[in-house]
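Engineer: quick one, structure for this:
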Amino acid sequence: MKKGIKLLEEIVGDGEEVERQKYYQIELRCWLNKGEAIRWKHAWGLFDRSQLLENGELLITDVRINREDLICGLFYGVQGMKIGGTRKLKISPHMAYGEKGLPSVIPENAALICEIKIAEQRYVA
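Structural biologist: Numbering: from 1, shown residues only. Here you go, the predicted structure:
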């Protein structure tokens, strides 16, 4: 793992290995370092294929695995994952939302705990 990302738990998937620049359906939950769940106000990723569940705590979306669409901690944290797998990561602020945070969602300089599941590969035209 890259500096600033710590693997806390992993369930290895049985599918193909995740590839950069391809689209996958992900399931994502995030918490602040002290355990407070992050509740997204809006779904992100491919908006016509995104939804929020469980009062905004669970994001299900299609996303391209690249540095523009994911925070650095998730981009580097999914390297080596296989479809069907889940990882729980601790992500340092500089690999997450940094000094600015995400107004009204994530405070500035916040470390995150993120659980990401790669549900399936998507084919986007």
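Engineer: show residues contacting the lowest-mean-pLDDT helix or strand in the chain.
Structural biologist: Here the helix or strand of the chain ranked lowest by mean pLDDT, DSSP states H and E is strand 51-53, holding a mean of 90. Strand 51-53 has contacts (CB atoms under 8 Å, 6 or more residues apart in numbering) with W40, H42, A43, L58, L59, I60, T61. Glycine gets a C-beta too; all of them are placed from N, C-alpha and C.
Engineer: just the strands in the chain please.
Structural biologist: With strands called from DSSP state E, the chain shows them at 5-11, 23-32, 51-53, 58-64, 86-91, 112-122.
Engineer: turn the ones you listed into TSV, including mean neighbour count.
Structural biologist: Shown next, in TSV, are the strands of the chain (neighbours: other CB atoms under 10 Å):
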stretch	mean neighbour count
strand 5-11	13
strand 23-32	19
strand 51-53	13
strand 58-64	19
strand 86-91	20
strand 112-122	19
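Engineer: so which of those comes closest to P103?
Structural biologist: P103 lies closest, by CB to CB, to one member of those: strand 23-32, at 14.7 Å.
Engineer: from the contact counts, what lies against the closest one?
Structural biologist: Applying 3 or more CB pairs under 8 Å, 6 or more residues apart in numbering; DSSP states H and E, one finds that strand 23-32 contacts strand 58-64, strand 112-122.
Engineer: using JSON lines, lay out those strands together with mean pLDDT.
Structural biologist: Supplementary listing: the helices and strands packed on strand 23-32 in JSON lines, determined by pLDDT from 0 to 100:
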{"stretch": "strand 58-64", "mean pLDDT": "93"}
{"stretch": "strand 112-122", "mean pLDDT": "95"}
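Engineer: can you list these in TSV and add distance to G98?
Structural biologist: Formatted as TSV, those follow (distance: least, CB to CB, whole Å):
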stretch	distance to G98
strand 58-64	20
strand 112-122	11
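Engineer: what's the closest non-adjacent residue to K82?
Structural biologist: Leaving out its chain neighbours, the residue that sits closest to K82 by CB to CB, 6 or more residues apart in numbering is G13, at 3.7 Å.
Engineer: related to what we said a few turns ago, nearest to G4, out of the helices and strands packed on strand 23-32?
Structural biologist: Nearest to G4, of all the helices and strands packed on strand 23-32, is strand 112-122, at 10.9 Å by CB to CB.
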